[in-house]
Every structure is written in C-alpha cells, then in structure tokens.
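A.B. asks: What follows is a predicted protein model with its sequence.
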Amino acid sequence: MLDPQLAQKIVREVHLLINESILVANQYGLIIASTNRERLGQYHEGARIVISRKASLTITHQTASKWPGVRAGINLPIFFNNTVVGVIGITGTPEKVANYGHLLEKMTELLIHESFYQKELDFHERTLEGFVFDWLNNREWDEAFLSRAKLLNINLQCNRQAAFAHLPEPGRKEDQTILAGVSDGYRFNEEDILIRWGNDHLLLLVDVSDEDRDFSRLIEKWAGSIRQRTGKRPTIGIGSRVSPQNVKKSFHQAKRALNVATDAQPIVYDRDLTLEMIAGELRSETKKLFVERTIGVLLKHDELLNTLKNLFDHQFSYKETANFMHLHINTLHYRVKKLQELTGLDIKKIRSRVVLYLAILFLNEQTKTE
C-alpha cells in the first residue's frame, strides 16, 4: 500500500510546511523515504513499536540512545482503512515537533487516500480503454465481453457517433487529470464514453439515441474545454451515427476526417469529405512517396511550406493569406514564385493545385501519426 514513491511524496509535501527532518517507514519498520537520504533502508525501532501499538510514540534524547537508528522526535502511525500501513516521523525536540502531530496525521491521510483513489481511477480507465479497443476490433460479443460491458456500466444498445480529437500539446504522461480537465464545460450523457487514445488523442463515443440532442453544439463545447485546458485549439474528426455493432465504422470515419482537419477548419465531419475519401484508401507507403515526389523539396523550407498551407486555407486569396500571415503582398508573391521553382508546379493550374492539396493532406496525416 505504502510504496517508496508515495512515501517520498509525503515527505516532500510535509517538508514544504515543516522545516524539520522527516522520514517515512513501511509496515516492517524500514525507512523508505526521508529528507536525509543516508537513512534510506535503515531499520527504525521506534517505527516498529508504533506499528505494534497502533499509536504515536514520542522519543526523547534519553530514550533515543537505547534503540539503533532512532533519533529524538515524534513518530505517528499512518492509517488507511483502519490498518497501519506505515509510520511518519519528525526528528527534533519532542516539545517542539509534537505540535505538528495532528497536521501530519491529516495530511498523510489525505495523500494516502488521494493516491489510492487515483490508482483506482487509473485502473478503471485502463480497463475501459481495453474494452473499447476490443469493441472497435469487432471482438465477438460473447458472454465474457457482455460481462465486461456490464461491469463497466457500458450500454451496448444505444446508437453511437465517434469524435476523435488530436491534442496539440498533450499533458505529461503522468498527468492523470487530462480526461477530467478536457471534459470541463462538456455536458456528458451518462452513456457517453471518453478515453485516451495514445498520448495525444482522445476518443469520444457519444450516445446519439436522442435525436433532439444537439451533437454539433456539444462537440464545439468539448473542443472549447480542450482549448481552455491546453491553451491551443484541438482538431477533431467526426464519424457518422451508427448502431453499437458498427462503432468501428464511425471510428475509422472519424480518423479519416481528423486527418483533413486543420487550424483553419478544426472540426471536420466525415460526411463532408469527397476527395479525401479516395485518398483514405491509399496505402501509407504510396502517400509517403507522393509527398516526396511533389513537396519533398519543401520539407527543408518551413517558411514556404507554411505559406502553401495558408494559401489553401484561404482559397488562394493572396490578400487574405498575406493579411493572415502578416506579410507584404510582394513577399507572398516572392514565396509563391520560389515554391513553384522548387516543385516545378504552377499553382495557377487546377491539376497542380490538386496535386499540392493531396501532398499537404498526406503530409498532415503523416505528422499526426508520428
């Protein structure tokens, strides 16, 4: 229950409030965390006594000399669910450190409970992620699958619609609050399912059985909460409404739509795709080769590549593109001339624009999957 990592967190948090030497011993009396790292691994006789008595122990300078590895101070039992899981001790003059006893007990109790419930939450999330993965891979709906759904309180009867989001700046892997954070402002139905998908994606399976539910509005609010959390706007792909047996179809549609989404068009519905539908059927090797043959030469020229992307985002309006990029119109014309020379493609021609559009589309797709 009381692992060294959690014990060190307790020591660190307590030490911020109390400028004294602090240690934590496990249920066997071994010091597993301390402000003095030289004491790690030492046996603490006072901790053993606290554990056996299930009560605090004040050690004076006189009594400390009787036991090995013990110094004057106060030692308090750490309880979890009425069981002593360890001991926290403060070294110092007993009369001085005794005043910290109640504060220590409350603080360590809170940290222990926080850690326990976070582990419970993490376990539930991992279990949910595993179930959804099996669901999306057309696992047979056998008795074991249905039992897992029941344990996770997942409704396998309601229609679903997938929303697949890419986080521009994902939180640290150890940041366990990301799901709660990005759901702020989004009014979830109890049947909705939200899970992580890798480090920088979120998958939302929305209950769309109620046709009066404003799905598009909910997605916009969800996108807003993600932006508030990360500081940047996410891109989101939306699949079609499907029966629970066809959730995989909606998910793959959402992935395809996400590959098309850009900063200029952050939310894309698969139903609006045309050319991108054909592109989605191509092999990744073919797409990579296409990028190399068309705009590969621009990959070393970020300025030109960004200019090309912005031209597409603004329907090749030089005025709007220049304003958006804060460029003089002559500078924009110079960049266009340069990228045409490098690629050998004339952007005035429809065929060249289609080729360049596909190249940008494939490049964006590769970037999001790396």
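C.D. replies: Done, it's in.

A.B. asks: any idea how far residue 143 is from residue 136?
C.D. replies: Residue 136 sits 20 Å away from residue 143, going by C-beta to C-beta, to the nearest Å. Yep, even glycine has a C-beta here, placed from its N, CA and C like the rest.

A.B. asks: Compare these two (neighbour count), which wins?
C.D. replies: Just comparing residue 136 and residue 143: by other C-beta atoms under 10 Å the higher neighbour count belongs to residue 136, 18 against 8.

A.B. asks: Surely the more buried one touches residue 246?
C.D. replies: No - counting by C-beta atoms under 8 Å, residue 246 is not a contact partner of residue 136; they are 10.6 Å apart.

A.B. asks: Who are the contact partners of the closest residue to residue 354 other than its chain neighbours?
C.D. replies: Nearest non-adjacent residue to residue 354, counting by C-beta to C-beta, 6 or more residues apart in numbering: residue 275, 7.9 Å away. Taking C-beta atoms under 8 Å, 6 or more residues apart in numbering as the contact definition, residue 275 lies against 354, 357, 358.

A.B. asks: Same question for residue 193.
C.D. replies: Residues counted as contacts of residue 193 (C-beta under 8 Å, 6+ apart) are 128, 132, 154, 204, 205.

A.B. asks: Residue 34: which of these is nearest?
C.D. replies: The shortest gap between residue 34 and any of those belongs to residue 128, at 37.6 Å (C-beta to C-beta).

A.B. asks: how close does the closest one get to residue 193?
C.D. replies: Using C-beta to C-beta, one obtains 7 Å as the distance from residue 128 to residue 193.

A.B. asks: and what of residue 308?
C.D. replies: With distances taken as C-beta to C-beta, residue 308 is found 38 Å from residue 193.

A.B. asks: Ok, residue 26 next?
C.D. replies: Applying C-beta to C-beta to residue 26 and residue 193 gives a distance of 38 Å.

A.B. asks: just residue 112 next, same as before
C.D. replies: 30 Å.

A.B. asks: In a helix, residue 128, correct?
C.D. replies: Yes - counting by DSSP: H, G, I helix; E, B strand; the rest coil, residue 128 is located in a helix.

A.B. asks: ok, now which ones touch residue 15?
C.D. replies: Here residue 15 is in contact with 22, 35 (criterion: C-beta under 8 Å, 6+ apart).

A.B. asks: in what helix or strand does it lie?
C.D. replies: Using DSSP states H and E, the element containing residue 15 is helix 4-17.

A.B. asks: Rounded mean pLDDT for that helix, please.
C.D. replies: Per-residue pLDDT values over helix 4-17 give a mean of 79.

A.B. asks: how about it: buried residues?
C.D. replies: 6, 7, 8, 9, 10, 11, 14 (16 or more other C-beta atoms under 10 Å).

A.B. asks: and what of stretch 64-72?
C.D. replies: Residues 64, 69, 70, 71, 72 are the ones in stretch 64-72 that count as buried (16+ other C-beta under 10 Å).

A.B. asks: again, but for stretch 128-137
C.D. replies: In terms of neighbour count (16+ other C-beta under 10 Å), stretch 128-137 has its buried residues at 128, 131, 132, 135, 136.

A.B. asks: Would you reformat these as a markdown table and include secondary structure and pLDDT?
C.D. replies: Output for the buried residues of stretch 128-137, formatted as a markdown table (DSSP: H, G, I helix; E, B strand; the rest coil; pLDDT from 0 to 100):
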| residue | secondary structure | pLDDT |
| --- | --- | --- |
| 128 | helix | 90 |
| 131 | helix | 92 |
| 132 | helix | 93 |
| 135 | helix | 93 |
| 136 | helix | 92 |
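
A.B. asks: Would you reformat those residues as JSON lines and include distance to residue 36?
C.D. replies: Compiled in JSON lines, the buried residues of stretch 128-137 are given as follows (distance: C-beta to C-beta, whole Å):
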{"residue": "128", "distance to residue 36": "42"}
{"residue": "131", "distance to residue 36": "46"}
{"residue": "132", "distance to residue 36": "47"}
{"residue": "135", "distance to residue 36": "51"}
{"residue": "136", "distance to residue 36": "51"}
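
A.B. asks: now for these, which pair is the farthest apart?
C.D. replies: Greatest spatial distance among the buried residues of stretch 128-137 (C-beta to C-beta): 128 and 136, at 12.5 Å.
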